[in-house]
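# Sharing a model prediction with you, sequence too.
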Amino acid sequence: MTETVATGTAVTVDTSKIAGALQRYRVLAWVTGLWLLLLTGEIIAKYGFDVHTPSWIAVVHGWVYFAYLLVTADLAVKVRWPVLRTVGTLIAGTIPLLSFFVEHVNAKKVKADFNL
């Protein structure tokens, strides 16, 4: 696919790389969102009801979120998202349920912009 940038120069965009980055982003957005929901439940059980919970849930979510940051940054670079959109997408992985909504909106936009 050829895209014209602001300088008037035509740039060839490899949509297969974008499609791969989008798929990785979508998977990690869902996995991050699910682990965040599990972590939220764990915190409510631990501090709200004094239930002994496994400490590894927070550790796993931390590593999954780190992977989410990497794949989101990769996609953002490939599709040239503005900084605010990138930062907003990165923050979405820290708010329960928001990553699902942001993933849907971002995937729809990227698919429309690059005919995927």
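Sure, I can see it. On a predicted model such as this, the values are computed, not experimentally measured, just so you know.

# tell me the strands in this protein, going along the chain?
Assigned strands in the chain, in chain order: 2-4, 10-12 (criterion: DSSP state E).

# which residue sits closest to the residue positioned nearest the centre of the chain, ignoring its sequence neighbours?
Centroid-nearest residue in the chain, with Cα atoms, centre = their mean: Ala29, separated by 4.2 Å. With sequence-adjacent residues excluded and distances taken as Cβ to Cβ, 6 or more residues apart in numbering, Ala29 is closest to Glu103, at 3.7 Å. Where C-beta positions appear, they are placed from N, C-alpha and C, glycine not excepted.

# What is the burial count for that neighbour?
Using other Cβ atoms under 10 Å, Glu103 is surrounded by 23 other residues.

# How about Thr32?
25.

# which outside residues touch stretch 13-33?
Residues from elsewhere that reach stretch 13-33 (Cβ atoms under 8 Å, 6 or more residues apart in numbering): 1-3, 61, 64-65, 67-68, 71-72, 74-75, 78-79, 92-93, 96-100, 102-103, 106-107, 110-111, 114-116.

# ok, the residue nearest to the centre of the chain to Ile44 distance?
Applying Cβ to Cβ, to the nearest Å, the value for Ala29 to Ile44 is 23 Å.

# No more questions from me, cheers.
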